[in-house]
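Undergrad: this is the structure alone, sequence omitted:
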């Protein structure tokens, strides 16, 4: 489950004007050294095209070979993610949501005035690329579900051990009641030999 | 009782009694035990007869329910045997997953229904036992029946759990074998703890957005090779793209829907999991409190044992004292006797 690239673009949503790249972060370490440049260009191109065709306030997922490109256009600000097929779609969109929120927090509305591609990297995007390789981080629901499942397993084990404990306690009760009966017999016997008449 | 004497033969015409008794019986079976009284022919007798009859009808209701539950448990265990057979014989290719899942769901429903029925039955049995005028044997019989049913239900549930674990192990083995032979990366379906349902949303997302034709141009190479004429090619596919965008638009609305649906589903899953967890905790607390009682009993037994052993030790000590002291006395008496004997012998001899 891998995220290959994350991008933030400004797009108008009318499907004609090319979107403008505001931030870009990609992880192309899996490709050979000479292919990396080409791959980056390819990512830029695909990202631009998908963002161009995402209408405003819509989410879209496009399947491309072995990658899924998820894009979320929110009021002209579009976030894109290149993920592989195993990444759950919901987590992808919640991640894109988060990225958009962070971007608006950091840059306010200044992105509306930008007219050409921004070249400087945005460190938050790079961090999130590495942090969110595991979808549970991005999607709280998934994390909660995973935790709950683990808890349920632990509880099942606990109940099994409590049942075993119950059985042991039952055997202990039996043994202790036998012990108390035996000690009572012992006491009676001792009293009998003590009281019985003349000592020979 | 009306007597009719005619001539020599004297017979008693008891048809009226018979009819009234038959009416009474009919009334007591059709209506609930408490409500039968007012309609019956006005005599005080039937009122007294209703009491034990209501006890009988409650008992027969208990028996009816118990037999229904036993029958249900029997059927469920039969279904369970079928499920076990299905789960065992799954091969890699011919996997009756749908059947197995249906059967699992049916069995789970049955077990929960039987569980609630047994709880109801136990409640009825307890209320019956508390209401007094029933014999001691009946109460012990009903408690035994309820315990027996609970034990059978528990064994059926345990078998069900075993069958499910066996099935998940089989699935894991299949997936491993599949990984060995196929080159595609392992799917998340191997992890039995991952919720199965979001997979449906994901496949919906992939089918709803078909790859646009401009991707086909680059799909000629299986890897992400660089594309030189980026700008030139973006214009030529623009024509066939126009009606693709319409399709995409139509497919985008269900995608929004499915996104929201998948979120709603995930939330519901979380909520149901939390409910199950609360159930488990409650059962755990009940079990631990029951075991606490057992521990207290053990403690009492040990205290009794200690007291008995101390008493016995005291007795033995006394015994020891008495033995040793007697000997001393005897020795003294013998000594004196021997001295007397010696004196006698000396005097005579």
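TA: Yep, that arrived. Every value quoted in this text rests on a predicted model; they were computed, and no experiment measured them. Residues are numbered from 1 along each chain as shown, chains lettered A, B, ... in the order given.
Undergrad: quick one: the strands in chain A, in order.
TA: A:3-10, A:20-26, A:58-64, A:67-74, A:77-84 (DSSP state E).
Undergrad: check which helices and strands the third one sits against.
TA: Using 3 or more CB pairs under 8 Å, 6 or more residues apart in numbering or on different chains; DSSP states H and E as the contact test, the elements touching strand A:58-64 are helix A:36-52, strand A:67-74, helix A:89-107, helix B:197-208, helix B:238-348. For glycine as for every other residue, the C-beta is placed from the backbone atoms N, C-alpha and C.
Undergrad: kindly report the same for the first one.
TA: When contacts are defined as 3+ CB pairs under 8 Å, 6+ apart, strand A:3-10 sits against strand A:20-26, helix A:36-52, strand A:77-84, helix A:89-107, helix A:123-131.
Undergrad: just the angle between the first one and helix A:123-131, please?
TA: Think strand A:20-26. When axes from the mean of the first three to the mean of the last three CA atoms, to 10 degrees is applied, the directions of strand A:20-26 and helix A:123-131 differ by 40 degrees.
Undergrad: highest average neighbour count across the helices and strands packed on strand A:58-64?
TA: strand A:67-74 (a mean of 24; mean count of other CB atoms under 10 Å in any protein chain shown).
Undergrad: show me what contacts residue B:82?
TA: Taking CB atoms under 8 Å, 6 or more residues apart in numbering or on different chains as the criterion, residue B:82 is in contact with residue B:103.
Undergrad: what's around residue A:181, how many residues?
TA: Look at residue A:181: counted by other CB atoms under 10 Å in any protein chain shown, it has 14 neighbours.
Undergrad: correction: the previous question concerned residue A:79.
TA: Count around residue A:79 with other CB under 10 Å applied: 27.
Undergrad: nearest to residue B:167 among the helices and strands packed on strand A:3-10 would be which one?
TA: helix A:89-107 (27.4 Å; CB to CB).
Undergrad: do the closest one and chain B meet at all?
TA: Yes: Helix A:89-107 is in contact with chain B by CB under 8 Å from any CB of the partner chain, via A:89, A:90, A:93.
Undergrad: any chance of a markdown table for the helices and strands packed on strand A:58-64, columns distance to residue B:81 and mean pLDDT?
TA: Below are the helices and strands packed on strand A:58-64 laid out as a markdown table (distance: least, CB to CB, whole Å; pLDDT from 0 to 100):
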| stretch | distance to residue B:81 | mean pLDDT |
| --- | --- | --- |
| helix A:36-52 | 54 | 85 |
| strand A:67-74 | 44 | 86 |
| helix A:89-107 | 40 | 84 |
| helix B:197-208 | 29 | 38 |
| helix B:238-348 | 26 | 83 |
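Undergrad: make JSON lines out of these and add distance to residue A:150.
TA: What follows is the helices and strands packed on strand A:58-64, written out as JSON lines (distance: least, CB to CB, whole Å):
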{"stretch": "helix A:36-52", "distance to residue A:150": "36"}
{"stretch": "strand A:67-74", "distance to residue A:150": "28"}
{"stretch": "helix A:89-107", "distance to residue A:150": "18"}
{"stretch": "helix B:197-208", "distance to residue A:150": "18"}
{"stretch": "helix B:238-348", "distance to residue A:150": "11"}
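Undergrad: so what's the nearest residue to residue B:316 once chain neighbours are set aside up against?
TA: Leaving aside its sequence neighbours, residue B:316 sits nearest to residue A:190 (CB to CB, 6 or more residues apart in numbering or on different chains; 5.2 Å). Applying CB under 8 Å, 6+ apart, we find residue A:190 in contact with B:311, B:312, B:315, B:316, B:319.
Undergrad: if you set the cut-off to 7 Å instead, what comes out?
TA: B:312, B:315, B:316, B:319 (CB atoms under 7 Å, 6 or more residues apart in numbering or on different chains).
Undergrad: so the last one touches residue A:191, yeah?
TA: So that's residue B:319. No: applying CB atoms under 7 Å as the test, residue B:319 and residue A:191 come out as separate, 9.3 Å apart.
Undergrad: related to what we said a few turns ago, biggest separation within the contacts of residue A:190, which pair?
TA: The distance between the two most remote of the contacts of residue A:190 (CB to CB) is 10.3 Å, for B:312 and B:319.
Undergrad: re earlier: can you tell which of the helices and strands packed on strand A:58-64 is closest to residue A:175?
TA: By CB to CB (comparing all of those), the closest turns out to be helix B:238-348, at 8.7 Å.
Undergrad: and the closest one, what does it pack against?
TA: Packing contacts for helix B:238-348, counted by 3 or more CB pairs under 7 Å, 6 or more residues apart in numbering or on different chains; DSSP states H and E, involve strand A:58-64, helix A:89-107, helix A:140-195, helix B:197-208, helix B:213-218.
Undergrad: low-confidence ranges in chain A?
TA: Applying pLDDT under 70 to chain A flags residues A:13-16, A:195, A:197-200.
Undergrad: in it, which residue sits closest to chain B?
TA: Nearest to chain B, among the residues of chain A, is residue A:38, at 2.7 Å (CB to the nearest CB).
Undergrad: without its sequence neighbours, what residue ends up closest to residue B:129?
TA: residue B:139 (4.5 Å).
Undergrad: that neighbour: what secondary structure?
TA: Applying DSSP: H, G, I helix; E, B strand; the rest coil to residue B:139 yields a three-state assignment of helix.
Undergrad: now it: how far from residue A:119?
TA: Plainly put, residue B:139 is 87 Å away from residue A:119 if you go by CB to CB, to the nearest Å.
Undergrad: which of the two has more residues huddled nearby?
TA: Shown here are residue B:139 and residue A:119; by other CB under 10 Å, residue B:139 has more neighbours (15 against 7).
Undergrad: and that one, what pLDDT?
TA: In the predicted model, residue B:139 carries a pLDDT score of 81.
Undergrad: quick one: secondary structure of residue B:84?
TA: At residue B:84 the chain is in helix, as set by three-state DSSP.
Undergrad: outside of stretch B:112-131, which residues touch it?
TA: B:58, B:62, B:65-66, B:69, B:72-73, B:76, B:134, B:139, B:142-143, B:146, B:149-150, B:153.
Undergrad: now list the buried members of those.
TA: B:58, B:62, B:65-66, B:69, B:72-73, B:76, B:134, B:142, B:146, B:149-150, B:153 (16 or more other CB atoms under 10 Å in any protein chain shown).
Undergrad: which of the residues you listed fall in helices?
TA: B:58, B:62, B:65-66, B:69, B:72-73, B:76, B:142, B:146, B:149-150, B:153 (DSSP state H).
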